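Student: need coordinates for the following:
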Amino acid sequence: MTDPLDKATSTAPATLGEGCLSRYDPAALTPEDGADFDGAAQLWLELQNAAGGGSTQVLDEAVIAAQKQRR
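Tutor: A predicted model of the protein is given here:
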């Protein structure tokens, strides 16, 4: 690779859905895409509890437990 601009390209991750329902495919995201945030589930739980949304706590704790198992 002699052209330095060859490195300056990027590609978007795979998407699901079409039109206004289009979104990135979570299974296709990698840490290189900026998708690695170990504290996301814990932050979500804290924000929901701070906003008075404690009704999702059981689900949130299940998500946190699943994240810990993947590590």
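
Student: quick one: stretch 21-40 to chain centroid distance?
Tutor: In terms of CA atoms, centre = their mean, to the nearest Å, the centre of stretch 21-40 is set 4 Å apart from its chain centre.

Student: can you give the contact residues for it?
Tutor: Residues outside stretch 21-40 that contact it (CB atoms under 8 Å, 6 or more residues apart in numbering) are 12-17, 67, 71. C-beta here means a position set from N, CA and C on the backbone, and glycine is covered the same way.

Student: from those residues, which land in strands?
Tutor: Residues of those located in strands (DSSP state E): 15-16.

Student: what's the spacing between the residue nearest the centre of the chain and residue 49?
Tutor: Nearest to the geometric centre of the chain sits residue 35, at 4.9 Å (CA atoms, centre = their mean). Applying CB to CB, to the nearest Å, the value for residue 35 to residue 49 is 24 Å.

Student: residues contacting residue 17?
Tutor: Counted by CB under 8 Å, 6+ apart, residue 17 has contacts residue 23.

Student: where does it fall, phi/psi-wise?
Tutor: phi 80, psi 180 (degrees, to the nearest 10).
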